[in-house]
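Student: Would you be able to build a 3D model of this:
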Amino acid sequence: MRWFGGSGEVQTRSTGKTSTGQRTSRRSTGFAAFTRALADYDQLSVLDLGPTSAANINFLTGFGGRVYNVDVLRSSQDREFLVRQEDGTEALDPQKFFSENLDYPERHFDAILCWDTPDYLHEALVKPMVERIHKVMKPGGILLAFFHTKDAGPDSPYCRYHIVNGEVLDLEPRPDFRLQRVFNNRHIENLFKGFSSLKFFLARDNIREVLVVR
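Tutor: Okay, here's the model as predicted:
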């Protein structure tokens, strides 16, 4: 499916389900830094890894260029990516998954919105996803990711992020996914060890925001 809006082009492969929670607003220092950086790119190419929304599309296409969307978490639930093991159990096959997801040319994107996908994604996909992101990002490209701290608790809800403006996000709680893990700073640094730099922003709501430069 392909949409056109604003001054840019949008390409999306999946959509989310119906809203189920009351939205709350939060000011994001990391997103503000990400937004400021977008103005420095010509012919901007952005990848949004969360469920798409009209607000996100309108905001990102306002910078011109192209915006792509892949709901990685939703796609990871598709049973077509499961393979049967020798003991009869089924397991998610990363190679099969990434043959159909994030299959973009190398050095294609200037910016990627990862949101908090790594915290909720199946363990077998986290490291391969970051490796694939590194491959499809341009040198000097930027990525924004959110990570829960241990104080957030195991029942911290998965949220869909809606862009309000250049520094405010609306969070829409959804029951679709459960928190899988909590990364500390060292884990995050190891996860993005192939990138050139990381900048951490610690928010008051037990979210660690990370701006990563390829």
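
Student: quick one, phi/psi of the most centrally placed residue in the chain?
Tutor: Residue closest to the mean C-alpha point of the chain, counted by CA atoms, centre = their mean, is residue 114 at 1.9 Å. Here is the backbone geometry of residue 114 (degrees, to the nearest 10): phi -90, psi -20.

Student: Name the SS class of the closest residue in space to it that isn't next to it in sequence, please.
Tutor: With sequence-adjacent residues excluded and distances taken as CB to CB, 6 or more residues apart in numbering, residue 114 is closest to residue 145, at 4.0 Å. For every residue, glycine as well, the C-beta is placed using N, CA and C. Under DSSP: H, G, I helix; E, B strand; the rest coil, the three-state class of residue 145 is strand.

Student: Residue 36 looks like it's in a helix, true?
Tutor: Yes - per three-state DSSP, residue 36 lies within a helix segment.

Student: Next, count neighbours for it.
Tutor: Residue 36 has 11 neighbours, counted by other CB atoms under 10 Å.

Student: which stretches of the chain have low pLDDT?
Tutor: Along the chain, the parts satisfying pLDDT under 70 run over 1-21.

Student: Going by residue numbers, what spans are helices in it?
Tutor: Assigned helices in the chain, in chain order: 29-38, 54-61, 72-76, 94-98, 117-120, 123-136, 185-191 (criterion: DSSP state H).

Student: Please identify the most buried of those.
Tutor: Of all the helices of the chain, helix 117-120 carries the top mean neighbour count, a mean of 22, counting by mean count of other CB atoms under 10 Å.

Student: Other residues contacting stretch 126-145?
Tutor: Applying CB atoms under 8 Å, 6 or more residues apart in numbering, the contact partners of stretch 126-145 are 30-31, 34, 37, 47, 72, 94, 98, 102, 104-118, 121, 191-192, 194-196, 209-214.
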